[in-house]
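Engineer: Give the three-dimensional model of this entry:
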Amino acid sequence: MRLRSAAALTVSFLAFAILALAADISGQWTATFNTQVGEQHYVYTFKVDGEKLTGTAKSDNGTSEIQNGTVKGDDVSFVENLDYQGQKLTITYTGKVSGDEIHFTRDVGGFGKEELVAKRVK
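Structural biologist: Below is the predicted model:
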């Protein structure tokens, strides 16, 4: 009986520890980067609940809700559905948190990939 209780306690502790290791990226982040259509300015507002990431991506082209967002350890991913001049573009982000920076690669509707660095607003 003691062994079973100890094992359950250990599993619970490990699950909590893994969740605690997820990067806390809640808040605002900014990025300016060059694309095929010129320089882009973004403000990302992130909300993290466990491994679930929600929020908005605001650019010169408007504001989009973040969808399918996850944060697992230092890995971040989400989708931005952008309306660009009446054309719907699905932009998929994958990134790695490093302190107050997130190094992202974004796939713009399968047309091209772009690298950018988002910085935490303090």
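
Engineer: Could you list the low-pLDDT ranges of the protein?
Structural biologist: Scanning the chain for pLDDT under 70 picks out the ranges 1-22.

Engineer: go again using 50 as the cut-off
Structural biologist: 7, 9, 11-20 (pLDDT under 50).

Engineer: Helices along that one, start to end?
Structural biologist: Ranges of helices within the chain are 2-21, based on DSSP state H.

Engineer: the strands in it, which residues?
Structural biologist: Along the chain, counting by DSSP state E, strands occupy 27-35, 38-49, 52-59, 62-72, 75-84, 87-98, 101-108, 113-120.

Engineer: Same list (these) but as JSON lines, adding mean neighbour count.
Structural biologist: Placement of C-beta: from N, CA and C, glycine included. JSON lines is the format used below for the strands of the chain (neighbours: other CB atoms under 10 Å):
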{"stretch": "strand 27-35", "mean neighbour count": "15"}
{"stretch": "strand 38-49", "mean neighbour count": "15"}
{"stretch": "strand 52-59", "mean neighbour count": "18"}
{"stretch": "strand 62-72", "mean neighbour count": "15"}
{"stretch": "strand 75-84", "mean neighbour count": "17"}
{"stretch": "strand 87-98", "mean neighbour count": "15"}
{"stretch": "strand 101-108", "mean neighbour count": "18"}
{"stretch": "strand 113-120", "mean neighbour count": "16"}
